[in-house]
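Trainee: sequence first, then the predicted structure:
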Amino acid sequence: MTAVHRNETAPPSSEVTGVPPGETSVRANEAVVSLPEAGMAPILAELLRTFGQTESTGALLTGVCEVLVRRLSLEGALLRLRDREGFRAAAGVGLGVEPEALPVVRGELHSAPADPGPFVLELEAVARLLPAVPVRWRAVHCIPLGVPPASLGALYLAAGAGRTLGAAEQELFRTVGEALGPELGRRLEHDRIRAGLRAREDALAVVVHDLRNPLHAVTVGVGTLLPRITEPTLRRPVERIQRSAQRMERLLQDLLDIHAIEGGRFTVSKGAVAPTALILTALESQQSLAGQTSVIINTDVAPFLPSVAAEEERILQVLENLVGNALKFTPPGGMVTVAATRAPDPGWVLFSVRDTGPGISTDHLPRVFDRFFQAQSSDRRGSGLGLAICKAIVEAHGGRIWAESEPGKGAVFFFTLTTATSDIEAVPQPVEPASILLVDDKMENLTALAAILDRPDYRLVCATSGEEALRLALRERFAAALIDVAMPRMNGFEVATHLKALERSRHIPIIFITAFREDPDEIHRAYAAGGADYLVKPLDPEIVRKKVAVFVELSRKRQDSGPA
């Protein structure tokens, strides 16, 4: 076994330094060099900065070698780490070759003291340390990293011929070993976990890709078939297939998103997006679920909101998730309100989704954004990833998301986004008047509705029957339609169904007006007929104006983007 020797403050013997027999370890012209205690502080300070500011494990190891070689005027440094094959060179300075070019040393490089600390290697061990390298180091000090059998490797520092390091340097080496060993262990474990996550994500990406191929065929096939089916009894099973395929696609995307978040690779690409368009696009995708659950979806969007800085698809993902959850937890006949307004802080827009469901308990409220958390085992939350992904998306935009609830009184989820141009107020631009169709069999109701919506940028067209409304729809395009449900001969649902069957009026947002409050069957029929929103008499003028303004803005956006 190769002998090892502890560093001592007294001049070491030839056996300690590994100098060949017949030569003294400290010659007449050889000095014991030791830093004053005050000189150690700057070195330790620089090493601490290297620890704190260097993210990569490889860069950290190289940085430590460089600091010690430069500060102590050493001949060189080499750090070898233990792996399955042996001791692999991980970093070095003054080797004459790149560390990666050094061969892996199998077996033990040298023995170590029972109480590990810095010690001097003999020349035999130095030769094994640097095989096939022209550099011939002398007075090589070994700093063990970790305690056997959990040793991670060692840092080797060469003082150079004609020089022996003193007690201060030896104490520095001990300090470096005590600090670098645990830090290196933590980083290597972190690297191992990250490598495992990357391997898992790569495998997941392959699985998702393989699942998406047949899923895509189903989605395209259903999308092609559905517009050709007019018989409701035949459409319903095909629509169920479509919804199931869409849900599977969302679950697959959730899996990819959560792994990207865990791996620190989740990013967003921002652009200017209109809040109204975001909300209405999200609600369109949830109308089918609203119809199934017989829940009213209400909108409350402040007029002339500035655009927000957002990646549209990601914020749609947030809104669809929040609205979908709200619909699931709201009983039939209840209401979900999606709102947007200027936040109290300038330069921010505040979004909210409020439901009239059972609410969230005080104990569970702080954990609703945790991955896989479900308040109750019976909750219909799906994978338990949605709210965690919502949080990551909003925070990636620089915003904040939170929930408020009082058990038995529903829940409300808020999130904020910055405005795209926080210092410029949104100013309405002159536009052509929007044509709005008002349908009611009672003239007094039409007169009252026209008074509520009387503004220069609206052109109101009234019809006193369903038949008249359809004739008008054949002649011109409308930005929105408000239709009373309880009309003789052809009720409002029938009018809407016929309007949706016409090519030119298929995309008209339809707002139903009814006197039946919170009737689940009525709500279900409204969404089944293609309704976009729902108003209950007696009408609140401010709510009517807000709802119509939102849908007119959506219609104008569609018109600007091209023909429907």
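Mentor: Everything's here; your move. Quantities reported herein were computed from a predicted structural model and do not represent experimental measurements. Residues are numbered from 1 along each chain as shown.
Trainee: now the nearest residue to residue 474 once chain neighbours are set aside: how far from residue 230?
Mentor: Once flanking residues are discounted, residue 474 sits nearest to residue 502: 7.1 Å by C-beta to C-beta, 6 or more residues apart in numbering. C-betas here are computed from N, CA, C, even on glycine. Going from residue 502 to residue 230 by C-beta to C-beta, to the nearest Å gives 13 Å.
Trainee: swap in residue 94?
Mentor: Counting by C-beta to C-beta, the gap from residue 94 to residue 230 is 82 Å.
Trainee: where in the chain is pLDDT low?
Mentor: Applying pLDDT under 70 to the chain flags residues 1-38, 109-116, 132-136, 147-150, 162, 263, 372-384, 421-431, 517-519, 559-564.
Trainee: per the record, what domains does it have?
Mentor: 5-192, 194-262, 271-418, 434-561 (automatic domain parsing).
Trainee: I'd like those laid out as JSON lines, including mean neighbour count.
Mentor: Below are the domains of the chain laid out as JSON lines (neighbours: other C-beta atoms under 10 Å):
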{"stretch": "domain 5-192", "mean neighbour count": "17"}
{"stretch": "domain 194-262", "mean neighbour count": "14"}
{"stretch": "domain 271-418", "mean neighbour count": "19"}
{"stretch": "domain 434-561", "mean neighbour count": "18"}
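Trainee: wait, the residue nearest to residue 474 touches residue 473, no?
Mentor: Yes - with contact defined as C-beta atoms under 8 Å, residue 502 and residue 473 form a contacting pair (6.1 Å).
Trainee: could I get the full set of helices for the stretch 351-500 of the chain?
Mentor: 386-396, 443-452, 466-475, 492-501 (DSSP state H, counting those that start in this stretch).
Trainee: output those in a markdown table; the columns should cover distance to residue 71.
Mentor: Listed next are the helices of the stretch 351-500 of the chain as a markdown table, based on distance: least, C-beta to C-beta, whole Å:
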| stretch | distance to residue 71 |
| --- | --- |
| helix 386-396 | 41 |
| helix 443-452 | 79 |
| helix 466-475 | 83 |
| helix 492-501 | 78 |
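Trainee: of all those, which one is nearest residue 328?
Mentor: For these, the distance to residue 328 is smallest for helix 386-396, at 10.7 Å, taking C-beta to C-beta.
Trainee: contacts for the closest one?
Mentor: 254, 257-258, 261, 266-268, 314-315, 317-318, 321-322, 324-325, 368-373, 400-401, 415-417 (C-beta atoms under 8 Å, 6 or more residues apart in numbering).
Trainee: from the chain's centroid, how far away is that helix?
Mentor: Counting by C-alpha atoms, centre = their mean, to the nearest Å, helix 386-396 is centred 5 Å from the centre of its parent chain.
Trainee: residue 515 is nearest to which of the helices of the stretch 351-500 of the chain?
Mentor: Closest approach to residue 515 among these is made by helix 443-452 (10.7 Å; C-beta to C-beta).
Trainee: elements contacting that closest one?
Mentor: Packing partners of helix 443-452 (3 or more C-beta pairs under 8 Å, 6 or more residues apart in numbering; DSSP states H and E): strand 434-439, strand 458-463, helix 541-561.
Trainee: give me that answer again for 6 Å
Mentor: Helices and strands touching helix 443-452, as assessed by 3 or more C-beta pairs under 6 Å, 6 or more residues apart in numbering; DSSP states H and E, are absent.
Trainee: report the distance from it to the chain centre.
Mentor: The chain centroid and the centroid of helix 443-452 are separated by 48 Å under C-alpha atoms, centre = their mean.
Trainee: pull the CA atoms of that helix into CSV?
Mentor: The C-alpha coordinates for helix 443-452 follow below in CSV (Å, rounded to 0.1, in the frame of the first residue of the first chain):
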residue,chain,number,x,y,z
MET,A,443,-93.0,46.1,-29.0
GLU,A,444,-92.7,47.7,-25.5
ASN,A,445,-89.8,45.3,-24.7
LEU,A,446,-88.0,46.2,-28.0
THR,A,447,-88.5,49.9,-27.2
ALA,A,448,-87.0,49.5,-23.8
LEU,A,449,-84.1,47.4,-25.1
ALA,A,450,-83.4,49.9,-27.9
ALA,A,451,-83.2,52.7,-25.3
ILE,A,452,-80.7,50.8,-23.3
